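# Next one to model:
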Amino acid sequence: MEPVTRVSGGAYPWGAKNVDTDVIIPAHWLKTITRAGLGKGAFETVRAEPGNIFDDPRHAGSPILIAGDNFGCGSSREHAAWALGDMGIKAVIAPSFSDIFSGNAFKNGIVTVVLPQEAIDRLIEVAQDQPITIDLETMTVTTPFQDRFTFTLDPFRRQCLMQGLDEIGLTLAQDTAISKFESGLATRRPWIARESGYASIAVEGAGRT
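This is a model prediction of the structure:
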């Protein structure tokens, strides 16, 4: 996972409320076995509408999405976060998020920023033709017009995002401690070290019955 300390650029000034995961990525896209290409299916039903915001050349390639209350509700499909990431979204700003979506977004390096509706309204206005900056070091969202909105984020998630650590990365960061523990385990608890040999005998015995 790539480290994220700042997300800056254009934003999709959408503001839609109660956007569920089926809107983010329709169910028929879930048959894929890879994340690559899911961005093409992101917001498919919305993009079917003429003049939709996602196909507006003014916002093409924007790394930020501004949405309304309860973003990411519905199913627990992680494909929703995968689709957003594949279309280039690195952060979503909304008044509230589904807990499951927020967790999936975090695991995929997408920053979820919670701000009050008044701030959302202002950012939607600014994002029509100006960039927005999200800074995890200062925990602020700013605009070229000196707007400055502070937000909070779970300290653990903030640290992981800034260091680019997912579950695998967190485990690998403890490699020295894990190796030290494993090397001493055979001495402290030799019966566990013999477990693998016992398991092999048990499997062989089961095969003869």
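# Find the centremost residue of this structure, please.
Ala105 (1.8 Å; Cα atoms, centre = their mean).
# how far away is that residue from Ile24?
Per Cβ to Cβ, to the nearest Å, Ala105 is found 11 Å from Ile24. Using the backbone N, CA and C atoms, a C-beta is placed for each residue, glycine as well.
# Next: Thr176.
39 Å.
# Kindly report the same for Ala94.
12 Å.
# got it, and Arg58?
21 Å.
# Compare those two (neighbour count), which wins?
For Arg58 and Ile24, the more surrounded residue by other Cβ atoms under 10 Å is Ile24, and the numbers stand at 30 against 12.
# Correct me if wrong: the more buried one contacts Ala42.
Yes. Assessed by Cβ atoms under 8 Å, Ile24 is found in contact with Ala42 at 6.3 Å.
# mind listing what's buried in stretch 65-79?
Neighbour counts using 16 or more other Cβ atoms under 10 Å place 65-75, 77-79 of stretch 65-79 among the buried residues.
# Using CSV, write out every CA atom in it.
Output in CSV follows, covering the C-alpha atoms of stretch 65-79 (Å, rounded to 0.1, in the frame of the first residue of the first chain):
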residue,chain,number,x,y,z
LEU,A,65,-14.9,12.5,-4.1
ILE,A,66,-17.3,14.7,-2.1
ALA,A,67,-20.4,12.8,-1.1
GLY,A,68,-23.4,13.0,1.3
ASP,A,69,-24.5,11.2,4.5
ASN,A,70,-24.1,7.5,4.9
PHE,A,71,-21.7,6.9,2.0
GLY,A,72,-21.0,3.2,1.3
CYS,A,73,-24.0,1.7,2.9
GLY,A,74,-25.4,-1.6,1.8
SER,A,75,-23.4,-4.7,1.4
SER,A,76,-19.9,-5.4,2.8
ARG,A,77,-18.3,-5.9,-0.7
GLU,A,78,-14.7,-4.7,-0.7
HIS,A,79,-15.1,-4.3,-4.4
